[in-house]
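Novice: Build me a model:
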Amino acid sequence: MRIRYAAVAAVTVLGLTAAATPAVAATATATTKAQAVKIAKKKVPGAYVSDVEREYEHGHKTWKIELEKGNWEYDVYVAVSNGRIIKFKRDWDD
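Specialist: Next up is the predicted model:
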């Protein structure tokens, strides 16, 4: 019993909790190709994916997702590190 209390006291003194540890691990995970496509499709609902590439954009490793909807072409750049959209372009396809 004393060992169990000592471990809890050590965690309390360091300011750590068991719940905080998994949250830190989850934020360090890179965005997968499938997750990036999902993020891009959410930005342009109803579009279909024509190409997916890895690129550098504005100093970030990104997934470049090319989408098409009607006569419009979209390029969505999703950061690998955190899943945020770094750049968004829309062009008319003749």
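
Novice: which residues sit in contact with Phe88?
Specialist: Applying C-beta atoms under 8 Å, 6 or more residues apart in numbering to Phe88 gives the contacts Lys43, Tyr74, Asp75, Val76, Tyr77. Using the backbone N, CA and C atoms, a C-beta is placed for each residue, glycine as well.

Novice: Show me what it bridges to in the sheet.
Specialist: Going by DSSP bridges, Phe88 is paired in beta bridges with Val76.

Novice: Give the residue spans of the chain that score low on pLDDT.
Specialist: Confidence mapping of the chain against pLDDT under 70 gives the ranges 1-28.

Novice: Let me see the ranges of the helices in this protein.
Specialist: 2-14, 20-27, 33-43 (DSSP state H).

Novice: Please name the residues that touch the most centrally placed residue in the chain.
Specialist: Residue closest to the average C-alpha location in the chain (C-alpha atoms, centre = their mean): Gly83, at 2.0 Å. With contacts taken as C-beta under 8 Å, 6+ apart, Gly83 has the following neighbours: Thr31, Gln35, Ala36, Ile39.

Novice: and if you look at Glu55?
Specialist: Lys61, Thr62, Trp63, Lys64, Tyr77.

Novice: rewinding a little: of the contacts of Phe88, which qualify as buried by neighbour count?
Specialist: Tyr74, Asp75, Val76, Tyr77 (16 or more other C-beta atoms under 10 Å).
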